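Visitor: Just to be clear, the model below is a prediction. Sequence and coordinates:
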Amino acid sequence: MTETAPATSVRSTVVVDAPIDRAFTVFTRDIGSWWPAEHHLLQGELAEMVFEPRVGGNVYDRAVDGTECRWSRVLAYEPPNRVVFSWDINLHWQLESDPTRTSEVEVTFIPVGRERTRVDLVHAHLDRHGEGWEGMATAVGSPDGWDRGMQAFGEVLRADDR
Amino acid sequence: MATNGSAVLDALGDPTRRSILERLADHPSAVGELATVLPVSRPAVSQHLKVLKDAGLVVAEPMGTRRIYRVDPAGIDALRAYLDRFWGRALLAFKAAAEADPEPQEQP
């Protein structure tokens, strides 16, 4: 790949056999239908994930006991083309209340013909999470820097890793 | 540094190890100190630390007769590998969901 990306972001792409409107809806409103179940900060059992479809809304997890974990702010909501939401989770898997120390996930939906959609995801500004991320910059120049994500992608494709 | 992505994932997959990593980020500690504040035995703490160390997430420094464990700042790039994998997996799950039969209310 000739693509260069900032040292402080992670990229992933997928092409889905679905029209752009549906891809956008599934990604946002139906986020709970695909979000990896083990990746929740809640202590209790997850009841649902909610994606509030507006700038200033939240993405949050709700436990069966009613506890909520609002781990994201919706920063851009442009159906069906683009959505940006914050990642208010710190390096210790706790909620980060200081917005200057949060990263951002930008998702772009691009039609590929009428029935397919390419979804590009960039998780950017990882350095904002704190000093610990400074070590990243050196890793990017290493042979297993940027290609690692695509390798991981391939591994998942082959192994359907958990 | 060659980071083993799957070792990182395994290391972070355990709640006790995440607790240990959390503690160490705030307070570099010896095994005994961790065993005092966490609800696990000292041998279990040692075992968890070994996994974290092998994954490149923590480093140990001798201090007198003890070894003090701390989060390895250079090892945090392992967390980037973690996010790479996380999003790779998440987007595949998303693809499956988007390609599944739409629910009735989504029909035109």
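Guide: Looks like it arrived, so ask away.

Visitor: Please name the bridge partners of the closest residue to residue A:110 other than its chain neighbours.
Guide: Excluding the flanking residues, the one nearest residue A:110 by Cβ to Cβ, 6 or more residues apart in numbering or on different chains is residue A:118, at 4.5 Å. Every residue, glycine included, has its C-beta placed from N, CA and C. Counting by DSSP bridges, residue A:118 is bridged to residue A:15, residue A:110.

Visitor: Hmm, residue A:12 and residue A:118 touching each other?
Guide: No - with contact defined as Cβ atoms under 8 Å, residue A:118 does not count as touching residue A:12 (11.6 Å).

Visitor: who's more crowded, those two?
Guide: Counted by other Cβ atoms under 10 Å in any protein chain shown, residue A:118 and residue A:12 do not tie: residue A:12 has more neighbours, with 24 against 15.

Visitor: what's the strand or helix carrying the more buried one in contact with?
Guide: Secondary structure here is read from DSSP states H and E; on that basis residue A:12 sits in strand A:10-16. With contact meaning Cβ atoms under 8 Å, 6 or more residues apart in numbering or on different chains, strand A:10-16 is reached by A:3, A:5, A:23, A:112, A:116-123, A:126, A:149, A:153, B:80, B:83-84, B:87-88, B:91-92, B:94-95, B:98-99.

Visitor: what are the ranges of the strands in chain A?
Guide: For chain A, applying DSSP state E gives strands covering A:10-16, A:46-51, A:58-63, A:68-78, A:82-87, A:103-112, A:116-124.

Visitor: could I get those as JSON lines with mean pLDDT?
Guide: Listed next are the strands of chain A as JSON lines, based on pLDDT from 0 to 100:
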{"stretch": "strand A:10-16", "mean pLDDT": "91"}
{"stretch": "strand A:46-51", "mean pLDDT": "93"}
{"stretch": "strand A:58-63", "mean pLDDT": "94"}
{"stretch": "strand A:68-78", "mean pLDDT": "96"}
{"stretch": "strand A:82-87", "mean pLDDT": "96"}
{"stretch": "strand A:103-112", "mean pLDDT": "95"}
{"stretch": "strand A:116-124", "mean pLDDT": "94"}
